[in-house]
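> this is a predicted model, with the sequence first.
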Amino acid sequence: MTDERDARAEVDPIRDALAAVVDRHRSNHAGAVATYIPELADVDTDGFGASVVSVHGRVHSAGDADRPFTIQSVSKPFVYALTISDLGLDEVHRHVGFEPSGEPFNAISLDPDTGRPDNPLINAGAIVTSALIDGPTVRDRFERVRSFLSACAGRELHVDDDVFESETATGDRNRALAYLANSSGVLRQSVGDATEVYFRQCSLVVTTEDLAVMGATLANGGVNPLTKRRVMSERPAMLALSIMATCGMYDHSGEWMARVGLPAKSGVGGGIVAVQPAQFGVGVYSPRLDSWGNSVRGAAVLQTLSEDFDLHVFDHPDESRSPVVSWTTEDDVTSGVLRGEFDLISAETVIDRMLAAAADGNRRIELDVTGVTRARTVATELLRVIGRHLADRGVDVVLDGDLG
Ligand code: GLU
């Protein structure tokens, strides 16, 4: 068993490809570490690591993948997902919007009509979001955040107290944002409590492997692929990815989505998480930042991975495989066996065949759907409609199995 594992670890083409990309960008020394939080300036500026974790739970790492750094803004989409799990999207949306602000992360941006911050990934929106976490004391509320992010990472995360103290000491701008949000009625806790939870959440220590596992948990519809634990339901995971796709890379998010095409979130600590939905999460780290606040080498690694390995989410996929395994007719009964994902184009194929069978005089169509792994609502609805249409014409449609 150990031998087999060792052998498997020795042969890891994903790790090797990742290491080659990291090496390619190692000599890029552009950018500067964040200094507005003094403790963040005190890092080895050369630290550089990357990890990929698939939804199968396999971990592939290169460079300084076990180097600790503070999560900073990468925490924001996860806390957003937690508030949606707790309160539902409509209630969260009463406090914070969805729209890219087009302004720097610490901008004073509240919607003039609603008083809400534009989105949960700028500081104003993240502070409002953190204040939506319930609990009797500020300690309890932070503990909920810490344990949720830990569940996403698959291990217990802890605060770097020095960074927390440093953020607290220099956090007047964030407190000012909280006061403004409070004055427009969208801050559910006191300014002191809200910013304390927020500063602590930003000071949680992670590695690129942690970020990759957290990303893979979103990619996997809310189930941590290492621990197999469901950390959130599918909808908050989907909404976290949506906001990452539109607002995740500060005011560089539009170009990022066009060029790299992976929902992502960066932090001023030098980390970035990126996600290919249903496939994998990537965590990268390098502390020198560009003018938007994104890790220079981290962003470069992700762009190279996307370009070299066709990872853009809008890359045109191959034509979907036919869901029809077999389709036979005996007497006036047609029997079809379906498998895999039953989606709109699968339904289109099946409906064509059903209509052809009915036109040929078949009186009964039996569909074995026991091999369908997931049925999209659009497909089951279309099947229901065509079933009614055929029933009116004297053709019975009978399902073996359940489409949900
Ligand atoms: N704690 C940092 C701040 O509030 C987070 C900023 C970031 O990573 O974008 O300024």
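Yes, it's here. Numbering: from 1, shown residues only.

> how long is stretch 393-401 end to end?
Its first and final residues considered, stretch 393-401 spans 24 Å by C-alpha to C-alpha, to the nearest Å.

> show me where pLDDT drops low in this structure?
In the predicted model of the chain, residues 1-9, 319-321 satisfy pLDDT under 70.

> again, 80 this time
Along the chain, the model assigns pLDDT under 80 to residues 1-10, 102-109, 317-322, 404.

> do you know how far the residue lying farthest from the centre of it is from L355?
In the chain, the greatest distance from the average C-alpha position (C-alpha atoms, centre = their mean) is reached by D331, at 50.8 Å. Distance from D331 to L355, counting by C-beta to C-beta, to the nearest Å: 19 Å. All C-beta atoms are positioned from the backbone trio N, CA, C, and that covers glycine.

> what's the answer for V138, then?
To L355, V138 is 62 Å away according to C-beta to C-beta.

> ok, the two, which is more surrounded?
Using other C-beta atoms under 10 Å, the more surrounded residue of V138 and L355 is V138, with 18 against 15.

> so which bits of the stretch 1-150 of the chain are right by the ligand?
Within reach of the ligand by C-beta under 6 Å from any ligand atom, the stretch 1-150 of the chain has these residues: Q72, S73, F105, N106, N123.

> which two among those are spaced furthest apart?
Q72 and N106 (12.0 Å; C-beta to C-beta).

> which of those two has more neighbours?
Q72 (26 against 17).

> inside helices: which ones of the residues of the stretch 1-150 of the chain next to the ligand?
N123 (DSSP state H).

> nearest to G248, of the residues of the stretch 1-150 of the chain next to the ligand?
G248 lies nearest to S73 out of those, by C-beta to C-beta, at 9.0 Å.

> before we move on, back to that, contacts only, for the residue farthest from the centre of the chain.
Contact partners of D331, counting by C-beta atoms under 8 Å, 6 or more residues apart in numbering, are absent.

> pretty sure A81 contacts L241?
No. Counting by C-beta atoms under 8 Å, A81 does not reach L241; the two are 9.2 Å apart.

> what about the residue in the stretch 301-404 of the chain positioned nearest to the ligand, is that helix, strand or coil?
Scanning the stretch 301-404 of the chain for the residue nearest the ligand gives L302, at 16.7 Å (criterion: C-beta to the nearest ligand atom). At L302 the chain is in helix, as set by DSSP: H, G, I helix; E, B strand; the rest coil.

> what's near enough to touch it?
By C-beta under 8 Å, 6+ apart, the contact set of L302 is V260, L262, A264, I272, A274, V282, V284.

> how about the helices of the stretch 1-150 of the chain, start to end?
2-10, 13-25, 76-87, 89-93, 123-130, 138-153 (DSSP state H, counting those that start in this stretch).

> quick one: name the residues of the stretch 251-400 of the chain near the ligand.
Residues of the stretch 251-400 of the chain lying close to the ligand (C-beta under 6 Å from any ligand atom) are G267, V268, G293.

> in JSON lines: the residues you listed, plus neighbour count and secondary structure.
Formatted as JSON lines, those follow (neighbours: other C-beta atoms under 10 Å; DSSP: H, G, I helix; E, B strand; the rest coil):
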{"residue": "G267", "neighbour count": "28", "secondary structure": "coil"}
{"residue": "V268", "neighbour count": "24", "secondary structure": "coil"}
{"residue": "G293", "neighbour count": "20", "secondary structure": "coil"}
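
> R363 and P100: what is the separation?
According to C-beta to C-beta, R363 stands 56 Å off from P100.

> okay, the two: which has more neighbours?
The neighbour comparison of R363 against P100 (other C-beta under 10 Å) goes to P100, with 20 against 15.

> the more buried one and I122 touch, don't they?
No. P100 lies out of contact with I122 (C-beta under 8 Å); the separation is 9.1 Å.

> and for those two, which residues touch both?
Joint contacts of P100 and I122 (C-beta under 8 Å, 6+ apart) are C247.

> I figured L390 hits I365, correct?
Yes. Counting by C-beta under 8 Å, L390 touches I365, with 7.1 Å between them.

> among these two, which residue is more densely surrounded?
When L390 and I365 are compared for neighbours, I365 comes out ahead with 25 against 21, by other C-beta under 10 Å.

> quick check, the more buried one in contact with G336.
Yes. The pair I365 / G336 is scored as a contact, 7.1 Å apart, by C-beta under 8 Å.

> list residues touching both of these two?
Listed contacts common to I365 and G336 are M354; contacts here mean C-beta under 8 Å, 6+ apart.

> just confirm V398 is within a strand.
Yes. Assessed with three-state DSSP, V398 lies in a strand.

> helix, strand, or coil at the nearest residue to it once chain neighbours are set aside?
In space, and not counting its chain neighbours, V398 is closest to E366: 5.0 Å by C-beta to C-beta, 6 or more residues apart in numbering. Under three-state DSSP, E366 falls in the strand class.
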